[in-house]
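J.: below: sequence and its predicted model.
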Amino acid sequence: MSLGRLLWVVLAITACTSEGRAPAAPAAPKTAPAPAPVPVPRPVQTDPSAEDFVMPPMPRAKVTLTDAFKGTHVIEVEVAATATTRTRGMMWRTSLEPGKGMLFIFPAEQPLSFWMRNTLIPLDMIFIGKDLKVTGVVGNAEPKTLSSRGVGTPSMYVLEVPGGWAEKTGVKVGSAVKLDGTIGLEVTP
């Protein structure tokens, strides 16, 4: 085969294979998949009134109250005896079962007042003196309010129970109170 004929065959083959097609693009370089984003840890919430605050476990106890007819009523309680647990209290809870509550203990007897900031359910607040007698009751405290609620008499304890409980049971000023499970608990200012 002559050189001219060979050149003509190579050109014909080249023309046939590329006819009607764009030149092939160079292959994209292979890259590793992007690494998954590293989650940024959320800062630890230190405000006890914040919804995402992680509440430390609280001690448990029982409070027995005597009603106006000498009947007794036992309430299983969480005990709020530190500044953090007293600040948090019943905030952000959506329910409170009958027979359950929270007992707030203060280091000394004094006039106390409570509000319902971030508290989503109505509560009764039963104020109790150092002598373990009810000093006053605030019934059905309205949720999500900043009104100060107190009884104007020195108290050392406040028991929070479901709204309307005190009236239903006949617990009133002067009712006797017994605490079980609170001896030895550290109460901080």
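T.: On my side now, so go ahead.

J.: the closest residue to residue 164 other than its chain neighbours - how many residues pack around it?
T.: Counting by Cβ to Cβ, 6 or more residues apart in numbering, residue 164 lies nearest to residue 140, which is 5.7 Å off, once chain neighbours are set aside. (Each C-beta comes from the backbone N, C-alpha and C, glycine too.) Number of residues near residue 140 (other Cβ atoms under 10 Å) recorded here: 15.

J.: pretty sure residue 140 is touching residue 165, no?
T.: No: using Cβ atoms under 8 Å, residue 140 makes no contact with residue 165, being 9.4 Å away.

J.: what sits in contact with each of these two?
T.: Shared contacts of residue 140 and residue 165, defined by Cβ atoms under 8 Å, 6 or more residues apart in numbering, comprise residue 124.

J.: spit out the contact partners of residue 79.
T.: Taking Cβ under 8 Å, 6+ apart, we find residue 79 in contact with 58, 59, 60, 61, 85, 102, 103, 105, 181, 182, 185.

J.: tabulate the residues you listed (JSON lines), appending distance to residue 47, secondary structure and neighbour count.
T.: Shown next, in JSON lines, are those (distance: Cβ to Cβ, whole Å; DSSP: H, G, I helix; E, B strand; the rest coil; neighbours: other Cβ atoms under 10 Å):
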{"residue": "58", "distance to residue 47": "18", "secondary structure": "coil", "neighbour count": "18"}
{"residue": "59", "distance to residue 47": "22", "secondary structure": "coil", "neighbour count": "17"}
{"residue": "60", "distance to residue 47": "25", "secondary structure": "strand", "neighbour count": "11"}
{"residue": "61", "distance to residue 47": "26", "secondary structure": "strand", "neighbour count": "19"}
{"residue": "85", "distance to residue 47": "14", "secondary structure": "helix", "neighbour count": "21"}
{"residue": "102", "distance to residue 47": "19", "secondary structure": "strand", "neighbour count": "23"}
{"residue": "103", "distance to residue 47": "23", "secondary structure": "strand", "neighbour count": "27"}
{"residue": "105", "distance to residue 47": "22", "secondary structure": "strand", "neighbour count": "22"}
{"residue": "181", "distance to residue 47": "29", "secondary structure": "coil", "neighbour count": "15"}
{"residue": "182", "distance to residue 47": "27", "secondary structure": "coil", "neighbour count": "17"}
{"residue": "185", "distance to residue 47": "24", "secondary structure": "coil", "neighbour count": "14"}
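
J.: tell me the pLDDT at the residue nearest to residue 164?
T.: In this model, residue 140 is scored at 97, pLDDT.

J.: let me see the confidence value for the most centrally placed residue in the chain.
T.: The centroid of the chain falls nearest to residue 51 when counting by Cα atoms, centre = their mean (4.8 Å). At residue 51, the pLDDT value in this model is 93.

J.: check the one 3 residues further on too.
T.: The predicted local confidence for residue 54 comes out at a pLDDT of 91.

J.: try the one 4 residues further on
T.: We have a pLDDT of 96 for residue 58.

J.: and residue 86, by the same measure?
T.: Value for residue 86, per-residue pLDDT: 97.

J.: since that was my last question, I'll sign off now.
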